[in-house]
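[1] quick one, what's the 3D model for this:
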Amino acid sequence: MKCTKCGGKASIELRRHNAAFCASDFVEFFRNQVREAIRKYRMFGRDEHVLVAVSGGKDSLALWDALIADGYTTTGLYLDLGIFDYSVESHAKCEAFAESHGVPLIVSKVADEVGAPVPVIKQVTRRPPCSGCGLSKRYLMNRVALEHGFPVVATGHNLDDEAATLFGSVMHWQTDALPRQSPALAATHPKLVRRVKPLYRLSEREAAAYAFLRGIDYIVEECPFAAGATSIAHKEILTRMEEASPGAKHNFLFGFLDKARAAFERAEAVTLNECTRCGQVTTGTVCAFCKLSDQVKRAR
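    Alright, predicted model coming up:
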């Protein structure tokens with residue numbers, strides 16, 4: 001198998017692109033996909049300081065590496081979820097990456113902000129752990145960015161993640177969620193920063209290949225609470241479709257973004273208020289994060 005670009009020996013085949021690349025040309029292909037994502041959605045400019053949310057996994061560290069290599073000014077943000085040894089190891093991976101690349105890393109502990117780590121939040125709320133975890137991460141990413149003056153937060157969501165999220169929303173016709181299914185969410189309030197996903201054009205497999213070829217040391221284990229998550233089932237279904245028809249995930253997601261997303265945008269504007277407790281943005285009086293914190297404190 002020959003490299004589509006240089007004709008040398010290929011290291012990886014990308015069936016959905018009907019192409020194969022050697023190591024160096026694949027690294028350049030990966031970075032070009034990130035560049036195209038940033039360009040198309042005007043995610044951020046060269047003069048902006050980007051806060052990169054990192055988990056210690058392959059996707060977020062691959063994104064951080066690609067942005068550093070392309071000359072962007074970046075700072076990492078690691079949210080310590082307090083999930084047993086998993087969080088200890090993932091934290092160590094992020095610290096090691098930041099040190100080896102000479103870039104700053106901000107660490108914020110969920111337990112310090114909510115009053116308990118994710119495992120305890122799960123017990124207190126008696127809801128799936130991903131619920132409280134996702135709420136906490138979204139809130140803290142925005143708040144940390146505001147407090148440190150970052151205009152934009154970049155996350156490592158890839159093509160597989162985005163296609164699976166879209167699949168779940170369509171399965172249940174969650175029409176409120178569909179307008180927010182986008183690689184770039186604008187700041188619609190002075191206390192909201194932009195959120196962008198520069199890896200949306202790249203698959204999980206491609207991110208893993210990039211991390212391997214770049215020698216990035218990342219945590220391989222999945223979050224211990226991921227087992228049984230609906231999103232995992234959706235990914236498995238889409239992967240089977242991809243195996244039968246290469247490009248299925250790409251066509252599903254990109255077809256929605258290019259042809260259908262606008263149809264689900266609501267005409268009426270959502271009224272955004274500032275939480276009376278913490279001052280962050282909410283559609284009500286008290287934000288969901290403060291309510292969660294109250295619930296944890298009462299239980300403890």
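
[2] mind listing what Asp25 touches?
    Cys3, Thr4, Lys5, Cys6 (C-beta atoms under 8 Å, 6 or more residues apart in numbering). For glycine as for every other residue, the C-beta is placed from the backbone atoms N, C-alpha and C.

[3] from these, which is closest to Ala66?
    Nearest to Ala66 among these: Lys5, at 18.0 Å, using C-beta to C-beta.

[4] if you drop the residues flanking it in sequence, what lies closest to that closest one?
    Spatial nearest neighbour of Lys5, excluding adjacent residues (C-beta to C-beta, 6 or more residues apart in numbering): Asp25 at 4.4 Å.

[5] doesn't that neighbour belong to a strand?
    No - per DSSP: H, G, I helix; E, B strand; the rest coil, Asp25 lies outside any strand segment and is helix.

[6] for PyMOL, what selects the buried ones among the contacts of Asp25?
    To isolate the buried subset of the contacts of Asp25 in PyMOL, counting by 16 or more other C-beta atoms under 10 Å, use the following:
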select buried, resi 3+4+5
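
[7] what is the nearest of the contacts of Asp25 to Asp161?
    Thr4 (26.2 Å).

[8] now the nearest residue to the closest one once chain neighbours are set aside: how far from Ile232?
    Once flanking residues are discounted, Thr4 sits nearest to Ala19: 4.2 Å by C-beta to C-beta, 6+ apart. Ala19 sits 28 Å away from Ile232, going by C-beta to C-beta, to the nearest Å.

[9] so between these two, which is more surrounded?
    Using other C-beta atoms under 10 Å as the criterion, Ala19 and Ile232 rank with Ala19 on top: 16 against 12.

[10] tell me, what's the model's pLDDT at that one?
    Note on Ala19: pLDDT of 97.

[11] against Tyr41, how distant is it?
    Ala19 is 24 Å from Tyr41, by C-beta to C-beta.

[12] same check on Arg127?
    Taking C-beta to C-beta as the measure, Arg127 and Tyr41 are separated by 32 Å.

[13] likewise Tyr78?
    Going from Tyr78 to Tyr41 by C-beta to C-beta gives 25 Å.

[14] neighbour count winner among those two?
    Between Tyr78 and Tyr41, Tyr78 has the larger neighbour count (other C-beta under 10 Å), namely 24 against 19.

[15] and that one, backbone torsions?
    phi -110, psi 120 (degrees, to the nearest 10).

[16] host element of the nearest residue to it once chain neighbours are set aside?
    Excluding its sequence neighbours, the residue lying closest to Tyr78 (C-beta to C-beta, 6+ apart) is Cys94, at 4.5 Å. In this assignment (DSSP states H and E), Cys94 forms part of helix 84-101.
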